[in-house]
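In: Structure of the sequence below:
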Amino acid sequence: MVRAGVKSEISLSAGEWLILDIGFANKSNSCGLRINQESSVDLQFNDAKERICCFITNSTKPVNLVIEAPLSVAFDSKGNPKGRAVEKQGSKTRYWYTGPGCSVMVAALYLVKAITEIPTNAEIRLFEGFVTFKKKGKKSIHSRDVELLSEVIKNPNQYSEAIIEPEALKMTSSDTLKSAFLVAGIDAGIPPLIMRNG
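Out: From the prediction side, this is the model:
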């Protein structure tokens, strides 16, 4: 069963932790993956997907999966795509439906679809990671992004402001939030978001 996690489950003691800085590329190691407290590794998309599915298949504990990609989407009252509150910082925007956000959301969709098709008794809890608004010219380093997200899981009280509840993702009360996977018939709900500035 795949479902949105909740804020109170963000703790090392809440089960197994997989933290994925997901990417979608043909030849490069576009993903960074950390399993529990192991060092992160850079992988191609399919290698990361297979490692995650294998881990979940063999797990007897709940598996908490953090994916650094939009796991929920927002629409305005007319049904048009709209940015979420965390995707705007001053004049900068990183909306889920444009540019890199859309690309990694598609990658996450293929990963979650694969997870729903594996035989497992483990409960899978989804959490969204969002490492963004990096300084101009600063390149994204997968292992660093994974580490930034991991710090919150290790010390959720210290980083409580980095954990955004689903309702706070709306820009206005009339916005509608949906699971990003609903288009594939998977309603995993709206997970909390762990946000770190890179």
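In: now Asn36, nearest residue through space, not along the chain?
Out: Trp17 (5.5 Å; Cβ to Cβ, 6 or more residues apart in numbering). Every C-beta, even on glycine, is put in place using the N, C-alpha and C of the backbone.
In: after the helix or strand hosting the one you found comes which helix or strand?
Out: Assessed by DSSP states H and E, Trp17 sits inside strand 16-21. The first helix or strand that comes after strand 16-21 along the chain, using DSSP H and E, is strand 31-35.
In: Can you tell me how far the residue of the chain most remote from its centre is from Leu177?
Out: Residue farthest from the centre of the chain, counting by Cα atoms, centre = their mean, is Lys78 at 26.7 Å. Relative to Leu177, Lys78 is positioned 15 Å away (Cβ to Cβ, to the nearest Å).
In: Ile163 too?
Out: Distance, Ile163 to Leu177, using Cβ to Cβ: 16 Å.
In: So what's the gap between the longest strand anywhere in the chain and the chain middle?
Out: Using DSSP state E, we find that the single longest strand of the chain is strand 124-132. Taking Cα atoms, centre = their mean, to the nearest Å, the mean C-alpha location of strand 124-132 is offset from the chain mean by 3 Å.
In: Please save the CA atoms from it in CSV.
Out: C-alpha atoms of strand 124-132 as CSV (Å, rounded to 0.1, in the frame of the first residue of the first chain):
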residue,chain,number,x,y,z
ILE,A,124,5.1,2.6,1.7
ARG,A,125,4.8,6.2,3.0
LEU,A,126,5.6,9.0,0.6
PHE,A,127,7.2,12.3,1.5
GLU,A,128,8.1,15.1,-0.9
GLY,A,129,11.6,16.6,-0.8
PHE,A,130,12.2,20.0,-2.2
VAL,A,131,15.8,21.3,-2.4
THR,A,132,15.7,24.4,-4.4
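In: Pairing partners for the closest residue in space to Asp76 that isn't next to it in sequence in the sheet, please.
Out: Nearest residue to Asp76, sequence neighbours excluded (Cβ to Cβ, 6+ apart): Lys82, at 4.5 Å. Beta-bridge pairing for Lys82 (DSSP bridges): Ala74.
In: Can you read off the pLDDT for Lys82?
Out: For Lys82, the pLDDT comes out at 97.
In: ok, now which ones touch it?
Out: Counting by Cβ atoms under 8 Å, 6 or more residues apart in numbering, Lys82 makes contact with Ala74, Phe75, Asp76, Met171, Asp175.
In: name the helices or strands packed onto the strand or helix carrying Val152?
Out: Using DSSP H and E, Val152 maps to helix 142-154. If contacts are counted by 3 or more Cβ pairs under 8 Å, 6 or more residues apart in numbering; DSSP states H and E, helix 142-154 sits against strand 16-21, strand 31-35, strand 63-67, strand 124-132, strand 193-197.
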